[in-house]
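Trainee: With the sequence up front, the predicted model follows.
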Amino acid sequence: MGWYLGCLHSLDPAVGYQNRPWVMMRGQDVVRVSDSGEVILAGTRSVNSQLKRGVRMGKTIAEKILSRKANEDVKAYDLVVAEVDMVMGTDTNGPTAMEYFRKLGKEQVFDPKRIAFALDHLYPCPTAAAANIHHVMREFVSEYGVILFEGGEGIGHQLMVEMGYVLPGELIVATDSHTTTYGAFNSFGTGFGSAEAAVVMATGKSWFRVPGTVRVDFTGEFAPGVVSKDMVLYLLGRFGTRGLLYKALEIGGDAVARLSMAERMTITNMAVEMGAKTAVMDCDQITLQYLEERAKRDFTPVEADDDAVYEERITVDVSDLEPMVALPHSPSNVVPVSEVCGTRVDQVLIGYCTNGRYEDFVAAAKVLNGNKLARRTRLIICPASRAVYQKLVQSGLMELFLSLGAAIASPGCGACAGYHTGILADGEVCLATTNRNFKGRIGNPKADIYLGSPLTAAAAAVAGEIIAPDQLGVNVA
C-alpha cells in the first residue's frame, strides 16, 4: 500500500495554504508535515521508527542528494521535506497543476526561474481541445512569469537538459514519468502528479520517502551492434516492470563511463519502466564538459560513499550482451533480436525522448546510408529538440533521411504518446526507439509495438522485418 498526500488547505485566500500542514497516510500510519518542515509521526507504526532500529554507515547518491535538500542526515525509507531545485510541467498534466496552483490562493510562485512548462505532447495541435490547452498554458506563463518551452522547441526533458536546468546534485521533479532521465546528470529526477507539482510551485518544497538503492555496474567491451538501449532493455528483462518499485537505480561501471551523455540518458530515461523512483549516475568529465557552457546555476556533484549500503548490487558484462528487442505488450518482454528475426515491420519510429539525440541519428545513419527503405515499411524521424533538428540539417543527415523517403516529425512526443503524426492501423507492427509498447501506445490498442535501438530500428526499416543490424553487412561497431 502506498503513501497518500492530503493537502489540508483552505481555498480562502485570506487563510492561505501555508497555514495548514500536509498529511501523509498509509494504512494506519499518519505523518504530518508542519509549516516549519517538521515531520511529525503518529499512528500504530511508521517507516522512520522501523528503520532507525539499525545503524547504517555510508550513503548512496540518492541518500546524499535528499540529505542535502532536506538539510538533515537521512537514510533509505526516512520521510523528509526537501527543497526542490526545478519543477517542469508538460501539456498533459501541467494544465491540471496550474489549476491546483490557482486553488491554493497564492499570488506568485516560489521562484519563476525554477518553474518551466513545455508544449511538447500536443504540438502541432491535432485538435481544437489541444489548442485550447496550449492557450491556457500560455496565459498562465504570462501571468506568473515562469519559463515556457514553446511548441516546436522540443520535448521538455531534452530542453531541460540542453538549456542547463538539470545539474549534478540537484532535486528536480516534473509532471511526466520519464523525469528519471535527469539522473544521467547526477541529479535526482522523478515524476510528480499535478497536485504535488502545484505544491512545489507554491512552496519550492515537497515530501519524499528516501528510496532504497539498487546498484548496477556495467563492465567490459561492447559487441558490434550493442548500444545503451540494449543495456537498459537487458535490465528491463531482468527486473521486470515492478522489480525496482520505488527504488533508486544507481548506475556505473567502466562501460558506462565510456558512454556519451546522449547514451546515458537513454538508460536513465527507461528506469521508470522498471518501477524506479529515480535513476542516478556519477558526474565525470563527460558530464562536466556537456554542462560547461549550459549550466544555469552553480552546482556541486554527489558521489556514493565507498561503504554505501545497497539493497542489491549486480555487475553486467556488456560483452555478453547482443542487440535486444522488447516484444508486445510490455517493455520488460525482452528477448535477443536473433529470436524474432523475420517479424514483419510496417512502420519504424526513430527519435523522441529516449533516442532522439544527434548521436542516435548518427547510429541509425550507419545502417541507412547506401540502403533503401523496404517497399512496404514507413520511416518516421523525430528529433528530440529543434537544436537536434538543426544539427541534422547542418550535418547532412536530414538530407539522407529525406532522400530515403522518411517523414520528419516536429520535435515533440506526438506518435510515441499516441496523439498524432504516426498513429498505427489495426494489426500493424511498429518497431520504435521509444520507451513504452503497452497496448494503445502509438494510438491503437490493436497494433503491435516492438522496442529497440536506433541501429535495430534502422535495420528493420531497410529489411522490412526485424533483423540484427550486423546482418545487413554494414559496420555497426
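Mentor: Received, thanks.

Trainee: can I see the domain layout of this protein?
Mentor: Under the assignment automatic domain parsing, the domains of the chain span 86-319, 331-472.

Trainee: Those into TSV, with extra columns for distance to E72, mean neighbour count and mean pLDDT?
Mentor: All C-beta atoms are positioned from the backbone trio N, CA, C, and that covers glycine. TSV is the format used below for the domains of the chain (distance: least, CB to CB, whole Å; neighbours: other CB atoms under 10 Å; pLDDT from 0 to 100):
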stretch	distance to E72	mean neighbour count	mean pLDDT
domain 86-319	11	21	97
domain 331-472	34	21	96
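
Trainee: The nearest residue in space to A417 that is not next to it in sequence in helix, strand or coil?
Mentor: With CB to CB, 6 or more residues apart in numbering as the criterion, A417 has its nearest non-adjacent residue at 5.4 Å, and that residue is H121. For H121, the secondary structure call by DSSP: H, G, I helix; E, B strand; the rest coil comes out as coil.

Trainee: measure the residue nearest the centre of the chain to I61 for me?
Mentor: Nearest to the mean C-alpha position of the chain, by CA atoms, centre = their mean, lies H178 at 2.4 Å. Computed as CB to CB, to the nearest Å, the H178 to I61 distance reads 19 Å.

Trainee: returning to that earlier point: wait, the residue nearest to the centre of the chain touches I267, no?
Mentor: No - judged on CB atoms under 8 Å, H178 makes no contact with I267 at a distance of 12.0 Å.

Trainee: still on that earlier bit, list the contacts of the residue nearest to the centre of the chain.
Mentor: For H178, the contacting residues are 157, 191, 269-270, 272, 353-354, 435, by CB atoms under 8 Å, 6 or more residues apart in numbering.

Trainee: List phi and psi for it.
Mentor: In this entry, H178 is assigned phi and psi values of phi -80, psi 20 (degrees, to the nearest 10).

Trainee: do V334 as well
Mentor: phi -100, psi 130.

Trainee: Pretty sure it sits against P323.
Mentor: No - using CB under 8 Å, V334 is not in contact with P323, being 11.1 Å away.

Trainee: Could you find the closest non-adjacent residue to K391?
Mentor: The shortest distance from K391 to any residue that is not its chain neighbour, by CB to CB, 6+ apart, is 5.0 Å, and that residue is Y358.

Trainee: next one: V199
Mentor: Spatial nearest neighbour of V199, chain neighbours left out: S206 (6.0 Å); criterion: CB to CB, 6+ apart.

Trainee: measure the one you found to D448 for me?
Mentor: Applying CB to CB, the value for S206 to D448 is 39 Å.

Trainee: Touching the helix ranked longest in the chain from outside, list them.
Mentor: In the chain, with assignment by DSSP state H, the single longest helix is helix 128-144. Residues from elsewhere that reach helix 128-144, judged by CB under 8 Å, 6+ apart: 91, 94-95, 98, 108-109, 112, 115, 117, 119, 122-123, 125, 146-148, 151, 419.

Trainee: where does G164 land in three-state SS?
Mentor: For G164, the reduced secondary structure class is coil; criterion used: three-state DSSP.

Trainee: list the contacts for P331?
Mentor: Contacts for P331 (CB under 8 Å, 6+ apart) come out as 233, 236, 241, 270, 273, 435-437, 451.

Trainee: Now do the SS call for it.
Mentor: Using three-state DSSP as the criterion, the local structure at P331 reads coil.

Trainee: From the contacts of P331, which land in helices?
Mentor: Assignment to helices by DSSP H places the following of the contacts of P331 there: 233, 236.

Trainee: Same list as before, the contacts of P331 that is, but in CSV and with distance to S385 included.
Mentor: CSV is the format used below for those (distance: CB to CB, whole Å):
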residue, distance to S385
L233, 24
L236, 25
T241, 28
M270, 19
E273, 22
N435, 17
R436, 20
N437, 23
L451, 21
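
Trainee: And stretch 62-81, end to end?
Mentor: Counting by CA to CA, to the nearest Å, the length from the leading to the trailing residue of stretch 62-81 is 14 Å.

Trainee: i'd like the first residue to be 3 from this point on
Mentor: Right, with 3 as the first residue, what we last looked at is stretch 64-83.

Trainee: Buried residues of that stretch, list them for me.
Mentor: When burial is assessed from 16 or more other CB atoms under 10 Å, stretch 64-83 yields the following buried residues: 64-72, 76-83.

Trainee: Of these, which belong to strands?
Mentor: The strands in this structure, assigned by DSSP state E, contain 81-83 from these.
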